[in-house]
Structures are given as C-alpha cells and as structure tokens.
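Asks: Sharing a model prediction with you, sequence too.
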Amino acid sequence: GYGRTGVIYYEDGVQTGGFNNSQVISRLRMNIDAATSTDQGVDFGARFRLQWDQNNGSRGDGGTTNAGKLYVTSQGLTVEVGNVDTAMDTNGLIYATELGAFDRSVGGNALGGFFAYESSKYGNVNRVGVRALYEIDNLTVQASYVDPDQTGALEAFHKEEISFSVDYVWNDVLELSAAASLNAAGYDDHDVYFVGARYAITEQARIGLNYIDNGDVGSIPGIVGPNTVSDFGKTIALYGDYTLLDGLTNIEAYIANNDGDWTQKETDNAFGIGVNYDLGGARLGASLQRDYQERVTADMGVRFNF
Amino acid sequence: GYGRTGVIYYEDGVQTGGFNNSQVISRLRMNIDAATSTDQGVDFGARFRLQWDQNNGSRGDGGTTNAGKLYVTSQGLTVEVGNVDTAMDTNGLIYATELGAFDRSVGGNALGGFFAYESSKYGNVNRVGVRALYEIDNLTVQASYVDPDQTGALEAFHKEEISFSVDYVWNDVLELSAAASLNAAGYDDHDVYFVGARYAITEQARIGLNYIDNGDVGSIPGIVGPNTVSDFGKTIALYGDYTLLDGLTNIEAYIANNDGDWTQKETDNAFGIGVNYDLGGARLGASLQRDYQERVTADMGVRFNF
Amino acid sequence: GYGRTGVIYYEDGVQTGGFNNSQVISRLRMNIDAATSTDQGVDFGARFRLQWDQNNGSRGDGGTTNAGKLYVTSQGLTVEVGNVDTAMDTNGLIYATELGAFDRSVGGNALGGFFAYESSKYGNVNRVGVRALYEIDNLTVQASYVDPDQTGALEAFHKEEISFSVDYVWNDVLELSAAASLNAAGYDDHDVYFVGARYAITEQARIGLNYIDNGDVGSIPGIVGPNTVSDFGKTIALYGDYTLLDGLTNIEAYIANNDGDWTQKETDNAFGIGVNYDLGGARLGASLQRDYQERVTADMGVRFNF
C-alpha cells in the first residue's frame, strides 16, 4: 500500500461545495493479501483493501474495508471473482496523463464513467464481478464483467457492464493500448472506448497520445457522483514526460482537447504540468492544471510506498 | 482464514426474494490474532475476524470487523470473554451433515436458533459472552453464557443463554457428542438439545446419526432472521461419507426427518448428496439437496485455506 | 496493541443509563503500522488503529478502523498529518493519576474537553490535524493543530484548536510537564491549561502534583458527550505510587480537589486507590474511587500487551 498527503487547491471551492479552495488531502491505503498454492501449482489468493481518504464522503471518516476479491492463477491466466479489477480501469495507458504526487489529471482522464475495483463499501451488496486476465511476454489481454445487482430485482435500471482491454509493448519503446467498456458503469447504452500509444524517444523522454470516447454518463470535477449529460464528447490528449540528468527529477505535462458540450463547459482545452522528485522510497510531487471550466487547480504533496 | 466462491442455486428465488435462482456467492474470511505469554506460562490472546460475504445483508457491502474475543489459556482450560464461541455452535458433530465446498445442509442442520460467534457487527453493543472450555485427551467439555444486553434495560425481552457441550472420541473410531442450549438465542424457554454419534466403519467410510430437538424459535431457508413458529419439532439425520481409493475424492450424503409442523412445510424428509475433491491446499466441492419445502438447491464451488 | 477485560462497577447505573451498576468491559486494540525509509535517512510511516470497546456507543458493535495518521521523522523531529496525536493528550503527566487495569481516574483526569487521537470514526470527514514533535535528550516539545472542519463551511461553530506541551525529566528523578490547549475541542474561548510534577523519592516511591484549569466545556462521568457548563473550575490532584519489595505489586492513589460549580456536583473532593500486579507480559489491576458526585466506582481486570 501507500500513504500520501499534501495540499490540493481548486478554484471556486470545487472540493468544498463553494467554501475553502485549499484542502489538506491525505490517503492511507493498505492492501491485505492472502494466498496459497495447490500441489498442482495453481495459485489461489484473495485481497481486502483498507483505505482512508481525507474529506471523502464514503471513506473519509475512517479506514474502510472493501468487498473482497478472490482469484486463481495458473500459467499466465488469472481469473478473479468478487470485487474485481476491471479491464478499462487497469488498461496500461488510460491514466497515463496523470501528474504529481496525487496522480491527478482533470483534463486527460476519462470523463465517462465505468466500473473499477471499488475501494469503498458496495452501494449494493448484490454486486458481483468476474475478470479474466492473460499475460504472455509483452501482451496483456483482459475482459471483465460487472453486474451491479445479480439478484435480477433491479434489471430495469442496472445493466451489466462488459469490458475488454489489450496492452502491447513493442521493443521496450512503444506501448500500445486499447479498451472498450459496454453498458459502462451499468448504464444502458453508455459505452466508453479508448485507444492510446506512448513512445520513448530517448531513455529520458517519452511522448504519448490518448483518445477517449467518453459516452453519455460520467462525472466532472466539482459535481458529485455520475451525472447524465447529453454529450461528454471525445477527448484527445497529448502528453509526455522528461527525466532530468540527475535521474531523480521527472517533469511531465499534457494538453487535452474535448469536443463535448455540457452545461458547465467553458473551453475545449485543458492542460497541466507536473513534476516529481524521487526520494528513494518516497517522492515529492506537484502539479498545476486547468480544467474544461477554466478553473485552475494545483497540488503539492509527498507519497511513500510500503 | 479462507476464501471460497462458486454458484448456489436455490429454487423459488430463495436467495433473492423471488428473483434469480442462481447467485455467485463468495466469502473471504481473515482471522486477526494476537497473543502473548506471561512468565508463569499462562497464554493470553485475542481475535478479530474480518469477513465479507457476497450478497449478505450485514457484511456484503465490504469486509466487516466483528466484536473482539479475549481469552486466557492454561493447562487445558480456556476462558473466553467478549464475542465468544458458544458451546452449541462448536460442538463436534452439530454440523456433521454439511456438504460440498459451501458446507451447507438445509435438512440436517439445526432449525432452532442459538447464539454463535458473531461475524457481523453486534446488533446490541451491550451483548457480552463468557465461555469455559476444558480439553483433556479425547474429551472436550465446555459451557458458554451469552447475555444479549448486560445493561439490564431489555431484561423483559432478552434472556441470557446458557449452553453446555461435551465431545468424546473413543479409540479414534467413535465420536460421541451432546449439547444443550437453554433460553437459546436469548428467547425465553426456547431450548435446543443435541445428541450425535459418528462411527468410522473403515478408514474410508464413516456413518453417523444426529438428533436435534429444535425448540420453538429458529430460521428456515428463505425466511430472513429468527422467526417464531409454533413447532420446529425434532430432527433425526442419518449421514455418512466415503473416500475413494484415490484418497482425494470424498462422497457424502445425509437423509433427515423432521416431525415439526410449520406453515411453509411440505414434507418431513430432506436429503442431500455432495462431493469434495482435494486439490491439496484447496478443494472443489458440489452438493445437491432438497429441503422441507420440497425446494431443490445445488451448489458448486472452490474453497482454499490460508 | 493490547487487550483488557474485567468488571467495572459504578453507582447509580452511570454506565447503563440507570440500569445495572456492574458491567463486563473489554477492549481490544490493534495498531496497524506501516513504514519506509528514504535513501536520505528520512522515515515515513502511517498508522490505522483497529479497536473494539465493549458497550461503547461508537465502537462497541465491532472492531472499528479509525482515520489514518501519516508522519515523517528525521533527526528527532516528527511531523504528523491526519488523525494526529495532540499535544495535550500526549503530555507526560496529564494522565498520571490513573489507577488499575483500566487506567481510570474519575477525579484526577481533566474534566475540560480537548481533541485527542480519535479511535472511533470521525464525526466530520473534513477534520484534519497537524502535529510537530521534537525530542532531544530529556526534553520533549510539541505543538498540535486540529481543525474540526477544514472546508470552512462550519467556521461559526467549530474553531481550530491549538495545543502546546513540554515535558522535561531532570536527573531521572523529577518529571516536569506543562501544556495548554486553546479553543480546545473546537469550542470558542474554551482553554485548558495544565502543569504537573512528579518526584521519585526512592526507587520504589513516587509522589506527584497536577494542576488543571479545565475551562468551560467538558464531560463528566455519566453524561454522554461534551456538555457546556458554566464553570468546570480548577483541579488540583496529589498522587503517588509505591512498589512493594516483590517488585511486582504496585499500589497507587490520588486525592483531587476541584473548585468548580456545576449542577450535579456534590463535593469538591474526589479520591481513589488502586493496585496492579505484574504477571510479566500481563497485569492484574483493581481500583476503588469516589467522584465529585459522591458516587463510588470500582474496577478489577486483567490487561495484556502484544
């Protein structure tokens, strides 16, 4: 797991419903793993996550233990059941534009909603997921299925999400990724598509391009929870990072264009720049970004893994 | 602890309030233990349990940490305080008819309610339990006491349960067990009695007979929570299991007769057959059963310990 | 962490809202720590606490994981963020009058409220704290800051608490401590001040004197939660403890005088006597005390660390 803390500034009191712009934001995450192997060499395992997020509505009051994940692994194939990782959320490049110690990207991340490994308590105890992941050499292929309510009682409102993802690394320099999520986040006919590529120009510099079709349902910063809008559009993000000669300082940036049209939107362009400094076991990071409502946000913090 | 997952089918949508018959049901259980020894050789210890149960109303939304148990052990005598194991629930044969990877027995298990080690949060923070357990050679004797509300404010509705249990193993081939629970589950005058015996005919085959006087209060599959009925009657269960020559496959079965008379009952006979296959560290299991309402249930799954 | 259990008696049903006087009271506490060190020799760490308290309203139903604490330590200086320890609560002598296995002092502890490391869930997810602690030789200096709601939305009701504390040990025989907490527990103009000293007369006997200015807001036994009273006054407590020649038995006592004036008060003097017997890894303890309402309370129990 890891811990991180620092300050996040977001114009217009986005984090506080219109009050203070700056907040101390901390996270403490511990993964609780257990595993065993059978005589045949099949590995079984399971995970809980214990996580606290400062100010968070569902896990801000204390450490929260989420729904469990069980898995079996053999010869490159992993099958998960329960609170599974989803194909879209674990795609290799979907979050590649994120900056700083808090790994935030207000412009480059998907605006369209999809299911992910759930760190909070389930809203519906009858949610169930299954995921299959196959890894061979430089290729990762996966599919996931999440039923928000397997009892069938809420069939009319909650659809079953199916997602696919493929990641390929060519010659250690070119990363290619694609993913699709159908009935994403359980919303009927809300589909999210993603294609991305990143290329290492030199050992110190990388450049990448992401394309996301956001579908119709998602959340935008400052609005809590998924909210349906008529058109979240497509996002194209150009991003890159450069490591200084000290080998410790990494500078990163993105510029994103979204052609969607929703009520609060004020510009088609968002961008950000960030920096991380490696302490060896911990890192200091900061970012400065502007979102599609022309609001400025900045953060500075420290993150350490354990 | 352990993890298990699979599919449980139960006719008439018993698991979903009338909707889907089949559900993916997973459990992830981790026991969190701590212990210390004094200079005099007395052992003190404590346990929390962290458990998630797919679809479960009280611990289905995420891993739930239950009320703690503290114990002291010295020279075969263990005394527990807090969220204790109870004498009836830890009797050696009371659950001996259970089948498959999910350890279910819709006909052979007690229908009458009694207190057990509570994996969910307490419903009443003032619940308290004490248990004494004495083990010597092949004999296990225990007594437990659970007060659902020690403040005394709810004395009129919640009685104190007292339970006793004795287990004896003769010559490694004959298991004899008996237990009694008075004011069981805190209900006035609701008493549960149990007598059971199991005999190993050969190293591969065992046969057993259980007798349960269920008392007046209990729960039947498909009805949530303890519900008072006029007569849960007595249950007699004949059961056995046979291990194939591969030493890995175990076939098990039971047939149970209940002479009680409650509204939903349709037959006096329930039965089931199951199989488990040992993977070494994990096991595959399945069962097929019919309950006292003539509903068929089946399950298939995998369970692994860690 | 540690476990403890036993019986607490409190006259007039203080623990149960007027019902039974005696209650079995148990606690199970486990601290979940994680830490890492950077190449520069800076230590980062974090803590969750998992705690269950028998009968407790907010963590009596099961083990409760609190909000996290993150810290960084280097060369004697520690800075904490999140659910931090506070300066007043970690002062060296503020709890020095406590007796028995349960560490209770109904007369000598502060009646005035102040923030402490919170073992239960936060009442407000936007609470945040920062603490700086500096330790050198025999000197400990610290300051803490707790904002009950950093969003600024509740500024009118919740003030920010600032606390200071200093502890000094002279020649291993004299302990000197002082602390102040301003806008304590978030209440406007409610300030708590503390000065204390303890002297080791011989290797077996210690004697101490504590002075507390309680301020205006606090809680008294038998009244749940902080409640404002006109005058909690000042408390002066004289206390001491003596270790018998066996080196295992420790006898302790206090007498406290409070000049405050609140509705339920019946006397200015409270006192108590206690004893602890060291089992090596565990201890047995008991106490007998009388509070400012002339109610008698007694406890007896066992505590073991792990």
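Replies: Yep, it's here.

Asks: Buried residues, stretch A:254-267. List them.
Replies: Neighbour-count burial for stretch A:254-267 flags A:Y254, A:I255, A:A256, A:N257, A:N258, A:G260, A:W262, A:K265 (criterion: 16 or more other C-beta atoms under 10 Å in any protein chain shown). Every residue, glycine included, has its C-beta placed from N, CA and C.

Asks: which ones are touching the fifth one?
Replies: Neighbouring residues of A:N258 by C-beta atoms under 8 Å, 6 or more residues apart in numbering or on different chains: A:G107, A:L111, A:N214, A:F232, A:G233, A:K234, A:T235, A:I236, A:K265, A:D268, A:A270, A:Y292.

Asks: can I assume the fourth one is in contact with A:S219?
Replies: No: counting by C-beta atoms under 8 Å, A:F232 sits too far from A:S219 to count as a contact (9.8 Å).

Asks: what about A:L284, how many neighbours?
Replies: 18 (other C-beta atoms under 10 Å in any protein chain shown).

Asks: tell me the contacts of it?
Replies: A:A101, A:N276, A:Y277, A:M300, A:G301, A:V302.

Asks: ok so, going back, just the buried residues of stretch A:254-267: which are in helices?
Replies: Among those, none falls in helices (DSSP state H).

Asks: Spell out the secondary structure type for A:Y193.
Replies: Following DSSP: H, G, I helix; E, B strand; the rest coil, the label given to A:Y193 is strand.

Asks: which one of the contacts of A:N258 has the most neighbours?
Replies: Most surrounded of the contacts of A:N258: other C-beta under 10 Å gives A:F232, at 28 neighbours.

Asks: ok, that residue - contacts?
Replies: By C-beta under 8 Å, 6+ apart, the neighbours of A:F232 are A:L111, A:G112, A:N214, A:G215, A:D216, A:V217, A:G218, A:N258, A:G260, A:W262.

Asks: Okay, helices next: where are they in the stretch 1-150 of chain A?
Replies: Assigned by DSSP state H, counting those that start in this stretch, the helices in the stretch 1-150 of chain A number zero.

Asks: can I get the buried residues of stretch A:254-267 in TSV with pLDDT and distance to C:A185?
Replies: What follows is the buried residues of stretch A:254-267, written out as TSV (pLDDT from 0 to 100; distance: C-beta to C-beta, whole Å):
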residue	pLDDT	distance to C:A185
A:Y254	98	45
A:I255	98	48
A:A256	98	46
A:N257	98	50
A:N258	96	47
A:G260	92	47
A:W262	86	44
A:K265	90	44
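
Asks: any chance of those in TSV, with distance to C:V146 too?
Replies: Formatted as TSV, the buried residues of stretch A:254-267 follow (distance: C-beta to C-beta, whole Å):
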residue	distance to C:V146
A:Y254	37
A:I255	40
A:A256	39
A:N257	44
A:N258	40
A:G260	42
A:W262	39
A:K265	39
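
Asks: What residues does whatever residue of the stretch 101-250 of chain A ends up closest to chain B make contact with?
Replies: Nearest to chain B, among the residues of the stretch 101-250 of chain A, is A:V125, at 3.0 Å (C-beta to the nearest C-beta). Taking C-beta under 8 Å, 6+ apart, we find A:V125 in contact with B:Q54, B:N55, B:N56, B:G57, B:G60, B:D61.

Asks: just A:G281 next, same as before
Replies: Residues near A:G281 by C-beta under 8 Å, 6+ apart: A:F304, A:N305, C:T36, C:S37, C:T38, C:D39, C:F44.

Asks: Now the buried members of those residues.
Replies: Neighbour counting with 16+ other C-beta under 10 Å marks A:F304, C:T36, C:S37, C:T38, C:F44 as buried within the contacts of A:G281.

Asks: and these, which two are the farthest apart?
Replies: Distances among these were taken as C-beta to C-beta; the most separated pair is A:F304 and C:S37, at 9.2 Å.

Asks: who touches both of the two?
Replies: A:G281, C:F44.

Asks: restrict the buried ones among the contacts of A:G281 to contacts with chain B.
Replies: By C-beta under 8 Å from any C-beta of the partner chain, no member of the buried ones among the contacts of A:G281 lies near chain B.

Asks: for those residues, which one is nearest chain B?
Replies: Closest approach between the buried ones among the contacts of A:G281 and chain B, by C-beta to the nearest C-beta: C:T36, at 22.6 Å.

Asks: surely the closest one meets A:F304?
Replies: Yes: shown here, C:T36 and A:F304 form a contact pair, counting by C-beta under 8 Å, at 5.2 Å.

Asks: and A:T140, what does it touch?
Replies: Here A:T140 is in contact with A:G92, A:L133, A:Y134, A:S165, A:V166, A:D167, A:Y168 (C-beta under 8 Å, 6+ apart).

Asks: Relative to B:T64, how far out is it?
Replies: According to C-beta to C-beta, to the nearest Å, A:T140 and B:T64 sit 33 Å apart.

Asks: and what of A:T151?
Replies: 20 Å.

Asks: could I have stretch A:246-255 exported to CSV, CA atoms only?
Replies: The C-alpha atoms that make up stretch A:246-255 are tabulated as CSV, following Å, rounded to 0.1, in the frame of the first residue of the first chain:
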residue,chain,number,x,y,z
ASP,A,246,20.1,13.8,-12.1
GLY,A,247,17.8,10.8,-12.8
LEU,A,248,15.5,11.9,-9.9
THR,A,249,13.5,14.7,-11.3
ASN,A,250,10.7,13.9,-13.7
ILE,A,251,8.8,16.7,-15.5
GLU,A,252,5.5,15.8,-17.1
ALA,A,253,2.8,17.6,-19.0
TYR,A,254,-0.4,17.1,-21.0
ILE,A,255,-2.7,19.1,-23.2
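
Asks: wait, does it contact chain C?
Replies: No: using C-beta under 8 Å from any C-beta, no contact is recorded between stretch A:246-255 and chain C, whose separation bottoms out at 9.8 Å.

Asks: Next to chain B, which bits of the stretch 1-150 of chain A? Give me the list.
Replies: Proximity of the stretch 1-150 of chain A to chain B is confined to A:32, A:34-40, A:42, A:44-46, A:48, A:50, A:64-70, A:72, A:81-82, A:120-123, A:125-126, A:128, A:130, A:150 under the rule C-beta under 8 Å from any C-beta.

Asks: Show the buried residues in those residues.
Replies: For those, buried by 16+ other C-beta under 10 Å: A:32, A:34, A:36-38, A:42, A:44-46, A:48, A:50, A:64-70, A:72, A:81-82, A:120-122, A:125-126, A:128, A:130, A:150.
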